[in-house]
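Colleague: attaching a predicted model along with its sequence, questions to come.
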Amino acid sequence: MDWGSLIGITIAFTGILIGQSIEGGHMSSLIQPAAFLIVLFGTFGAVLLQTNTQTFIQGILMLRQVFTHPIDDREALGKRIIGWSTYARKEGIFMLEPHMRRETDPYIIKGLRLMIDGTPPEKIREICAIDMYFHEMELRNAVKIWDAAGGYAPTVGILGAVLGLIHVMENLSDPSRLGSGIAVAFVATIYGVGFANLVFLPIAGKLKAHIQHEMKWREMLVNAWVSIASGDHPRIVEERLDGYLK
């Protein structure tokens, strides 16, 4: 669990609520279901309109990563890489089949298979670079839904404010209904700006950091495979891994 994310969002909303209380406002005045529905459904409706369904669903599913630390197994992976290098040096690169069978990650299996099949080092780098590029683009396109939500939410909040003011103008003859319309108008703007800057954009930033971590992990593997396929001494492979393990 990434407690920093939970603490951060809690501090943000708590600060707003405390500020509202200090100013003499009531917490209940910030709870407006109509404004909430306008901002939330309007924002994600616009995002879905500009995004294909599969990418949208992937972006939503990535939300759980915001509250979990990325798995950092680089040290353990580095030891396995040195083991591959040492074994390939002694027994031959074509004898790495047992090591490949012990792996479960498809990307690692793919890289080991390329080496075992005798693929030249430059071809291994080329193939893996293409795989990395399209995988990263897929993830970044999914994250863009949160960037887009951060851009649309304030505007949808203004739309909600206008709708609230229209409701007010339609009921000028009935003072008892003016308060709810004005509340929706102003609270919709708060929801739009608040969700954009306290939720959607920070989520996008956190997910981008996760993607960067994964790409660094994959880059570490590619450089190791190329080095092993080139016949480098395990000590050289280890030196090249040092920069990724810091």
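Modeller: Right, received. Where do you want to start?
Colleague: so residue 43 sits right up against residue 152, yeah?
Modeller: Yes. Counting by Cβ atoms under 8 Å, residue 152 is a contact partner of residue 43 at 4.9 Å. For glycine as for every other residue, the C-beta is placed from the backbone atoms N, C-alpha and C.
Colleague: quick check: phi and psi on the residue nearest the centre of the chain?
Modeller: For the chain, the residue nearest the mean C-alpha position is residue 207 (2.1 Å; Cα atoms, centre = their mean). Per-residue torsions, residue 207: phi -70, psi -30 (degrees, to the nearest 10).
Colleague: if I look at it, how far off is residue 10?
Modeller: Distance, residue 207 to residue 10, by Cβ to Cβ, to the nearest Å: 19 Å.
Colleague: what of residue 20?
Modeller: 16 Å.
Colleague: and residue 185, by the same measure?
Modeller: Taken as Cβ to Cβ, the span from residue 185 to residue 10 is 28 Å.
Colleague: packing partners of the longest helix belonging to the chain?
Modeller: Looking across the chain with DSSP state H, the single longest helix is helix 121-170. Counting by 3 or more Cβ pairs under 8 Å, 6 or more residues apart in numbering; DSSP states H and E, the packing neighbours recorded for helix 121-170 are helix 33-50, helix 53-61, helix 106-116, helix 178-195, helix 201-229.
Colleague: need the contact list for the nearest residue to residue 238 once chain neighbours are set aside.
Modeller: Spatial nearest neighbour of residue 238, excluding adjacent residues (Cβ to Cβ, 6 or more residues apart in numbering): residue 82 at 5.7 Å. Applying Cβ atoms under 8 Å, 6 or more residues apart in numbering to residue 82 gives the contacts 234, 237-238, 241.
Colleague: next, residue 245: phi, psi?
Modeller: phi -100, psi 0.
Colleague: number of residues surrounding it?
Modeller: 11 (other Cβ atoms under 10 Å).
Colleague: equivalent analysis for residue 80, please.
Modeller: Based on other Cβ under 10 Å, the number of other residues close to residue 80 is 15.
Colleague: and the closest residue in space to residue 70 that isn't next to it in sequence, how far from residue 30?
Modeller: Leaving aside its chain neighbours, residue 70 sits nearest to residue 213 (4.6 Å; criterion: Cβ to Cβ, 6+ apart). If you measure residue 213 against residue 30 using Cβ to Cβ, the figure is 36 Å.
Colleague: more neighbours, the two?
Modeller: residue 30 (18 against 14).
Colleague: hang on, isn't that one packed against residue 19?
Modeller: No. Using Cβ under 8 Å as the test, residue 30 is too far from residue 19 to be in contact (10.9 Å).
Colleague: domain assignment for this protein?
Modeller: When the chain is parsed with automatic domain parsing, its domains come out as 1-31, 32-242.
Colleague: so which bits of the shortest one are buried?
Modeller: Yep, that's domain 1-31 we're talking about. 5, 9, 30 (16 or more other Cβ atoms under 10 Å).
Colleague: make JSON lines from the residues you listed and add distance to residue 132 and pLDDT to it.
Modeller: Listed next are the buried residues of domain 1-31 as JSON lines, based on distance: Cβ to Cβ, whole Å; pLDDT from 0 to 100:
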{"residue": "5", "distance to residue 132": "26", "pLDDT": "78"}
{"residue": "9", "distance to residue 132": "31", "pLDDT": "80"}
{"residue": "30", "distance to residue 132": "45", "pLDDT": "76"}
